Structure formats: C-alpha cells, structure tokens
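Trainee: I'll drop the sequence and a predicted model, then ask my questions.
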Amino acid sequence: MNLDDLQRKLIKAARANPLSEQVPLAFEKRIMAVLKGRQVIDEWAFWARALWRAAAPCLVIMILLAAWSFLSPTASTANAGSVSLDVAQDFENTVLAAADQEPAAESFR
C-alpha cells in the first residue's frame with residue numbers, strides 16, 4: 001500500500017469525525033497512574049554502583065603494593081650498595097644533569 005494514500009485516508013477520516021468537548025471519566029487519573037508506574041532510569045546510579053564495587057579491589061591492591069614496598073629488601077642489604085633504589089635521588093640526578101654541565105667559554109666566541 002502506498003504511504004501517501006494511507007496518510008490521505010487517515011486525515012480524511014480524522015476530519016470527518018467531529019471534535020468533542022467531553023473528556024472520558026477519570027482520564028487524568030489514568031494517565032497519571034501510568035506515568036507514576038514507569039520507572040525512571042538513573043544513569044548516575046549505575047556509575048555509583050560500579051565505582052563502589054571497584055573500591056574494594058582497588059583498596060586490596062593498594063594494601064598489597066604498600067606491604068610489598070615496605071617488606072622488600074633494600075639495595076644496601078641485598079646487593080651491598082651496588083644498585084641504588086633511591087628513586088628520588090635518581091630522579092634529581094636525571095633532571096639536573098643538563099644544568100650541571102657548564103658550556104665551554106670558547107663556544108660563545
């Protein structure tokens with residue numbers, strides 16, 4: 001069936017029906033009951049639930065890594081000082097390596 005023909009027939013049938021001022025009995029109450037019965041989906045609740053479920057494993061991983069870092073042997077006891085585990089000192093040496101190099105005085109001439 002052609003959609004244009006169907007649309008014309010439906011519009012013709014709607015125009016042939018006279019408008020009525022009468023509203024069905026308790027129409028508003030039925031509509032409001034249907035609207036109240038619908039459950040509203042809360043997207044934020046999904047995120048909150050997922051984050052709370054992820055909090056426990058993250059906490060366990062954090063505790064395990066903290067225990068591992070505190071209970072691991074240091075470089076002074078394991079290798080008698082041959083390997084430095086002082087990350088702060090290594091970081092500072094790396095960052096300041098370029099600043100420690102003085103340019104040759106002849107390069108400016």
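Mentor: Thanks, I have it. Numbers count the residues shown, from 1 in each chain.
Trainee: okay, CA-based contacts and neighbour counts for the rest of this
Mentor: OK.
Trainee: mind checking which helix or strand Phe91 is in?
Mentor: In the assignment (DSSP states H and E), Phe91 maps to helix 87-95.
Trainee: what does Lys29 give?
Mentor: Per DSSP H and E: helix 27-37 holds Lys29.
Trainee: The helix holding Phe91 - what's its average pLDDT?
Mentor: Averaged across helix 87-95, the pLDDT comes to 84.
Trainee: Report the buried residues of that helix.
Mentor: Judged by neighbour count using 16 or more other C-alpha atoms under 10 Å, helix 87-95 contains no buried positions.
Trainee: next one: that helix to chain centre, how far?
Mentor: Chain-centre distance of helix 87-95: 34 Å, with C-alpha atoms, centre = their mean, to the nearest Å.
Trainee: immediately after it, which helix or strand?
Mentor: Note on helix 87-95: by DSSP H and E, the next helix or strand toward the C-terminus is helix 97-100.
Trainee: export that next one as PDB, just CAs?
Mentor: Output of helix 97-100 as PDB, limited to C-alpha atoms (Å, rounded to 0.1, in the frame of the first residue of the first chain):
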ATOM      1  CA  ALA A  97      72.100  16.500  34.600                       C
ATOM      2  CA  ALA A  98      71.700  19.200  31.900                       C
ATOM      3  CA  ALA A  99      72.000  22.000  34.400                       C
ATOM      4  CA  ASP A 100      75.200  20.600  35.900                       C
END
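Trainee: Distance from the chain centre to the helix holding Lys29, please.
Mentor: 36 Å.
Trainee: Tabulate the CA atom coordinates of that helix in PDB.
Mentor: Taking Å, rounded to 0.1, in the frame of the first residue of the first chain, the C-alpha atoms of helix 27-37 are listed here in PDB:
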ATOM      1  CA  PHE A  27      -8.800  10.400  32.100                       C
ATOM      2  CA  GLU A  28      -6.300  12.500  34.000                       C
ATOM      3  CA  LYS A  29      -6.000   9.900  36.900                       C
ATOM      4  CA  ARG A  30      -5.400   7.100  34.500                       C
ATOM      5  CA  ILE A  31      -2.700   9.000  32.700                       C
ATOM      6  CA  MET A  32      -1.000  10.000  36.000                       C
ATOM      7  CA  ALA A  33      -1.200   6.400  37.200                       C
ATOM      8  CA  VAL A  34       0.600   5.200  34.100                       C
ATOM      9  CA  LEU A  35       3.200   7.900  34.500                       C
ATOM     10  CA  LYS A  36       3.800   7.000  38.100                       C
ATOM     11  CA  GLY A  37       4.100   3.400  37.300                       C
END
